[in-house]
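A.B. asks: One predicted model, sequence on top.
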Amino acid sequence: MIELSLETLLLTGAIFLLAAFFHGSIGFGFPMIATPLLALSTNLQTAIILTLLPTTFVNLTSIVNEGQILRAFRKHLPLALCAMTGSAIGTQLLIITNSEQFKVLLAVAILGYLMIDKFQVRLRWVERRPNLSMMFFGLTAGVLGGLTNVMAPVLIIYSLEAKFEKAEIVQLANICFLFGKAIQLVLFSLNGKFTFNELILSSTMLLLVLIALFAGFRIKRHIQQQTYEQVLRSFLFLLSLSLLYQVIV
């Protein structure tokens, strides 16, 4: 059980502020920033539990902010259901094992996200087999999300290969994460992992998250996206190295 100290409140608040601002600026990524930062000072399972409510809140806000809510849900519901199924599998595995070795998987997932542009991934079968590819990428993203809280690498590859527009990618990512968080919340609660302290700590952060999220929405229009993304990529790279170092040492 996590301790509700002033230090914990300040550290968690600072991490959630940064993660929500990042999410608002590019449309996704809250758990990708918050989870590895929290995991540096606690175990991965606790880090994921702490992000459950804020991530759900952020996903809902981002979906509404992008507009065309019903159309987005209708279009991406099959993928989201696949992601939810995979997330249930990954979450149950995390609950059973609670292995710190999954921090390595988290670091690799972040590095995979950073390397997508470098390798210019091209998977022609995604367009030729739309149903099969949707199930494969949905389940894979869900399992990875359940184990590490990071779906972005898999969803981005799928979105690019399926030729989705930027707004669609944002909606797709947020809807998949929303469904994944819903099943995680159920499973952690049923297994007695979502304790009162985690509930209080994550709930008190929601207003802070909302402020940072809308600041990210606003700043997105005024800064050069390329410069901003370069800074964030460097930050994520250092985070992944920190996680790997923590596990190895």
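C.D. replies: Structure received. Numbers count the residues shown, from 1 in each chain.
A.B. asks: Now the residue most central in space within the chain: which helix or strand?
C.D. replies: Against the mean C-alpha coordinate of the chain, by Cα atoms, centre = their mean, the closest residue is residue 31 at 3.6 Å. Following DSSP states H and E, one finds residue 31 within helix 30-39.
A.B. asks: Check which helices and strands that helix is in contact with.
C.D. replies: helix 6-26, helix 44-66, helix 102-119, helix 225-248 (3 or more Cβ pairs under 8 Å, 6 or more residues apart in numbering; DSSP states H and E). Every C-beta, even on glycine, is put in place using the N, C-alpha and C of the backbone.
A.B. asks: Only C-alpha atoms, please: export that helix in CSV.
C.D. replies: Provided in CSV are the C-alpha atoms of helix 30-39 (Å, rounded to 0.1, in the frame of the first residue of the first chain):
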residue,chain,number,x,y,z
PHE,A,30,-0.6,10.4,-20.4
PRO,A,31,0.2,6.9,-19.1
MET,A,32,3.3,6.7,-21.3
ILE,A,33,4.8,9.6,-19.3
ALA,A,34,3.2,9.0,-15.9
THR,A,35,3.8,5.3,-15.6
PRO,A,36,7.6,5.1,-16.1
LEU,A,37,8.1,8.2,-13.8
LEU,A,38,6.0,6.7,-11.0
ALA,A,39,7.7,3.3,-11.6
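A.B. asks: Residue 83 is in contact with residue 135, correct?
C.D. replies: No: counting by Cβ atoms under 8 Å, residue 83 is not a contact partner of residue 135; they are 10.2 Å apart.
A.B. asks: so what's residue 170 up against?
C.D. replies: 27, 28, 62, 66 (Cβ atoms under 8 Å, 6 or more residues apart in numbering).
A.B. asks: Contact partners for the residue of the chain most remote from its centre?
C.D. replies: Distance to the chain centre peaks in the chain at residue 128, reaching 28.2 Å (criterion: Cα atoms, centre = their mean). Neighbour list for residue 128: empty [criterion: Cβ under 8 Å, 6+ apart].
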